[in-house]
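Asker: generate a structure from the sequence data that follows.
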Amino acid sequence: MNISIDQAITIFNHLEETIVFFSPDGDYLSVCGSDVCVKEADFAGKNISDVITSETASLFKAKITESLKKNEVISFEYQVSDILNFGLNNEENSGNERHFRVRVIPCAGDMPFVVWVVYDISQLRNIEQRINNNDMEEPVTGVYNRRFLFKELNNFFQRFQRGSNGYSVIIINIYPNEKFSESFAYEVNDKIVTNFIALIKNTLRSTDIFASAGNDDFIVLLPDTPSKGAELMAGRLRLSIESHIFEIEADQICITASFGCSEVSSDDSSYDNVINRAEIALYQAKHEGGNVVNRLDNKNWKK
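Answerer: As a prediction, the model looks like this:
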């Protein structure tokens, strides 16, 4: 495009998007667009480096240089929390990290410049994030769901086969769950489970993956952890649950849980083998009366 900046302002001034005109060095030449609330004077005499961090400014300048050098329109996305809002009156994203899509349009001539068309896509990205979270988490409990869990189990097993470190799993069952259903309403049962989950999360490490396995069972995936370490973790979880008083409305409720642990083995053909051993260990723990931690490794399974 070979036009003057005055012609460009006339062309772009009625667009809803925010339009910024930059010199090849990143100086603000003008700001326009029907959604702009700040005045051009707010940017007069400033360079990109005066408004945002050096890292983001370097990115912007690189895109300006690329667009002018290739004489092509360049589109890209970026996210920042340190940039002036370019006059976008969007209180929903105020103070949060914001996402933008930009089209950089080169304008050649005696005084080259670029037209920087800014699209605020923060709301779109927030919606996508919520969808992704809902796809991974149970809507009631907030823990990872079975779909995410078994995807991660498969990933961990594949990495283990390629020489990565081992891992262990713990299967947890609230005991005896039937007692809750007989004694309390569903709303109270949900609160018990929610508090139980919060207690578990507070005890686990940040690297551990905690997920719902369905049928009132939960699974913990512990990276870089041998079965003995998993057994010790299960023991800490058991004591935390046993000693905790769950205050639900006017009731004080004590619960226990059973635990089955197992570690991945080089003899395993899939992650199912690890889960199956942990399930058998859990069954044995429940058969012993509950509130018990049992561990079943591949070497013991073969005996």
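Asker: would you map the helices across the protein?
Answerer: 5-12, 48-51, 54-70, 122-136, 146-161, 177-183, 186-203, 227-243, 271-287, 298-302 (DSSP state H).
Asker: can you tell which of those is closest to I170?
Answerer: Using Cβ to Cβ as the criterion, the shortest distance between I170 and the helices of the chain is 5.0 Å, found for helix 227-243. (Each C-beta comes from the backbone N, C-alpha and C, glycine too.)
Asker: columns mean neighbour count on top of the helices of the chain, output as a markdown table?
Answerer: A markdown table is the format used below for the helices of the chain (neighbours: other Cβ atoms under 10 Å):
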| stretch | mean neighbour count |
| --- | --- |
| helix 5-12 | 15 |
| helix 48-51 | 18 |
| helix 54-70 | 16 |
| helix 122-136 | 12 |
| helix 146-161 | 16 |
| helix 177-183 | 13 |
| helix 186-203 | 16 |
| helix 227-243 | 18 |
| helix 271-287 | 20 |
| helix 298-302 | 13 |
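Asker: contact partners for E77?
Answerer: 99-102, 121 (Cβ atoms under 8 Å, 6 or more residues apart in numbering).
Asker: so for C254, what's the nearest residue that isn't a sequence neighbour?
Answerer: Nearest non-adjacent residue to C254, counting by Cβ to Cβ, 6 or more residues apart in numbering: I245, 6.1 Å away.
Asker: for Y78, same thing?
Answerer: The shortest distance from Y78 to any residue other than its chain neighbours is 5.8 Å, reached at F100 (Cβ to Cβ, 6+ apart).
Asker: what does V169 give?
Answerer: Nearest non-adjacent residue to V169, counting by Cβ to Cβ, 6+ apart: A278, 5.1 Å away.
Asker: quick check: the one you found touching V264?
Answerer: No. At 10.6 Å, A278 and V264 do not qualify as touching, with contact defined as Cβ atoms under 8 Å.
Asker: rewinding a little: any idea which of the contacts of E77 is closest to A285?
Answerer: H99 (47.4 Å).
Asker: enumerate every residue touching P106.
Answerer: With contacts defined as Cβ under 8 Å, 6+ apart, P106 is in contact with 1, 67-68, 70-73, 112, 114.
Asker: let's go with 6 Å and repeat that
Answerer: 67-68, 71, 114 (Cβ atoms under 6 Å, 6 or more residues apart in numbering).
Asker: max pairwise distance over the residues you listed: which two?
Answerer: Farthest apart among the contacts of P106 by Cβ to Cβ are N71 and V114. That separation is 10.8 Å.
Asker: in terms of packing, which of these two has more residues around it?
Answerer: Between N71 and V114, V114 has the larger neighbour count (other Cβ atoms under 10 Å), namely 27 against 12.
Asker: assess the claim that the more buried one and V20 are in contact.
Answerer: No. Applying Cβ atoms under 6 Å, one finds V114 not in contact with V20, separated by 8.8 Å.
Asker: can you give me the domain boundaries for the protein?
Answerer: Structurally, the chain divides into domains by automatic domain parsing as follows: 5-126, 138-302.
Asker: ok, back up a step: how about the helices of the chain, which one is nearest S30?
Answerer: Distances from S30 to each of the helices of the chain were compared using Cβ to Cβ; the shortest belongs to helix 5-12, at 5.9 Å.
Asker: other SSEs contacting that closest one?
Answerer: Under the contact definition 3 or more Cβ pairs under 6 Å, 6 or more residues apart in numbering; DSSP states H and E, helix 5-12 sits against strand 28-32.
Asker: could you list the residues in contact with the strand it packs on?
Answerer: Strand 28-32 is contacted by residues 5, 9, 13, 19-21, 23, 40, 43, 46, 113 when judged by Cβ under 6 Å, 6+ apart.
Asker: kindly check the end-to-end length of stretch 66-76 for me.
Answerer: Separation of the first and last residues of stretch 66-76 by Cα to Cα, to the nearest Å is 12 Å.
Asker: and for stretch 67-77?
Answerer: Distance between the boundary residues of stretch 67-77 (Cα to Cα) amounts to 15 Å.
Asker: quick check: the residue of the chain positioned farthest from its centre vs T10, distance?
Answerer: Of all residues in the chain, D110 has its C-alpha farthest from the mean position, at 48.0 Å, by Cα atoms, centre = their mean. From D110 over to T10 the distance is 18 Å, taken as Cβ to Cβ, to the nearest Å.
Asker: how about T225?
Answerer: T225 sits 65 Å away from T10 when distances are taken as Cβ to Cβ.
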